[in-house]
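# everything below, folded, please.
(one chain, ligands or ions: 2)
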Amino acid sequence: MSVHIEAKKGAIAETVLLPGDPLRAKWIAETFFEDPVCFNTVRGMLGYTGLYKSKRISAMGTGMGVPSISIYAHELITEYKVKNLIRVGSAGSYQKDIKIRDIVIAMSASSNSSINQIQFNGSNFAPTANFDLFQKAIETAKLKNISVKAGNILTSDEFYSINPKDYKFWAEYGVLCVEMETAGLYTIAAKLKARALSILTIADSLVSGKHTSSEERQTTFKDMIDIAIELA
Ligand SMILES: O=P(O)(O)O[C@H]1O[C@H](CO)[C@@H](O)[C@H]1O
Ligand SMILES: O=c1cc[nH]c(=O)[nH]1
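Ligands and ions are numbered 1, 2, ... in the order given. Model prediction:
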């Protein structure tokens, strides 16, 4: 048991899929795992462990934003010896050719969060995906005929930007999309010697103004999970 997770030692697998939304974790477990068992209900942050192709795998919500995912990633690695942390999140597209339901794999995560600047005394750390997980995800996508884009993304502290056109600045530098956790996840994983990767499904487009429903964000995005689940 850790401060925010009530699971017993050994109840969480070495590989954990991490959606922001705990109900997406429930959907993943019920849809993709054999014999899923719930290991956490603290703060409603549901977590499950089950089997996929005879291997143990877990899924757990992280909540929204860098502070929230940082707490869960820290406890999963230090208290439960989790080795592979795979974020399966939703994101907003910054590019015209990245459309709703497209998949983006985050090679790196720029950020407007000040957490890393505080931690690194004003210098810039570059939060980067684990190369082995990244390579395996790309290979898996190819094998399953799922088209993906990969590149730099933005981890933002705000969902509702004061100036909605601010995204254009990041887009000009090739940033593919925005979400709210990856820079924190990659940084904690680097510090604690674990492996991390973020696989994202586009749920909104800042370019076209299109959105998906909250139900879709909870219970769809199958292609993203089809890739992530093979990383166990
Ligand atoms: O769908 P999830 O994984 O929660 O990810 C995205 O959705 C939330 C905002 O709606 C933020 O957590 C953002 O990163
Ligand atoms: O952070 C996020 C997540 C989904 N869609 C967005 O526009 N932003």
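# mind listing what's buried in stretch 192-199?
Within stretch 192-199, the residues scored as buried using 16 or more other C-beta atoms under 10 Å are 194-199. Just so you know, the C-beta spots here come from the backbone N, C-alpha and C atoms, and that holds for glycine as well.
# can you find the helix or strand in the chain with the smallest mean pLDDT?
Scoring the helices and strands of the chain by mean pLDDT, DSSP states H and E places helix 214-219 at the bottom, with a mean of 71.
# which one of the buried residues of stretch 192-199 sits closest to residue 17?
residue 199 (9.1 Å; C-beta to C-beta).
# tell me the SS of residue 165?
Three-state call for residue 165 (DSSP: H, G, I helix; E, B strand; the rest coil): helix.
# so what's the residue count around it?
Neighbour count of residue 165, defined by other C-beta atoms under 10 Å: 8.
# again with the one 3 residues further on
Other residues within reach of residue 168, judged by other C-beta under 10 Å, total 12.
# phi, psi for it please.
With angles defined as degrees, to the nearest 10, residue 168 sits at phi -60, psi -30.
# sorry, back to before: from the buried residues of stretch 192-199, which land in strands?
195-199 (DSSP state E).
# which helix in the protein has the most residues?
helix 66-80 (DSSP state H).
# circling back to that earlier point, any residue of the next helix or strand after the least confident helix or strand of the chain touching ligand 1?
Using DSSP states H and E, the helix or strand that directly follows helix 214-219 along the chain is helix 222-228. No - using C-beta under 6 Å from any ligand atom, helix 222-228 stays clear of ligand 1, with a minimum separation of 10.2 Å.
# quick one: buried residues of helix 222-228?
Buried residues in helix 222-228, counted by 16+ other C-beta under 10 Å: 223-225, 227-228.
# next one: stretch 97-106
Buried residues in stretch 97-106 (16+ other C-beta under 10 Å): 98, 100, 102-106.
# ditto for stretch 150-165
Neighbour-count burial for stretch 150-165 [16+ other C-beta under 10 Å]: 150, 152-156.
# and the protein, which residues reach ligand 1?
For the chain, the contact set with ligand 1 under C-beta under 6 Å from any ligand atom comprises 19-21, 64, 89-90, 159, 179-181, 217.
# what residue in this structure comes nearest to ligand 1?
Proximity of the chain to ligand 1 (C-beta to the nearest ligand atom) peaks at residue 20, 2.0 Å away.
# isn't there a helix covering residue 154?
No - the assignment for residue 154 by three-state DSSP gives strand, which leaves it out of any helix.
# touching, it and residue 113? I think so.
No - contact criterion C-beta atoms under 8 Å: residue 154 and residue 113 do not qualify, at 9.9 Å.
# what about the helices in the protein?
22-32, 66-80, 115-119, 131-143, 167-172, 182-191, 214-219, 222-228.
# for the first one, what is the average pLDDT?
Okay, so that is helix 22-32. For helix 22-32, mean pLDDT is 96.
# then the second one?
pLDDT averaged over helix 66-80 equals 98, rounded to a whole number.
# now do the shortest one
The average pLDDT for helix 115-119 rounds to 87.
# buried residues in it, which are they?
115-116.
# other SSEs contacting that helix?
Packing contacts for helix 115-119, counted by 3 or more C-beta pairs under 8 Å, 6 or more residues apart in numbering; DSSP states H and E, involve helix 66-80, helix 182-191.
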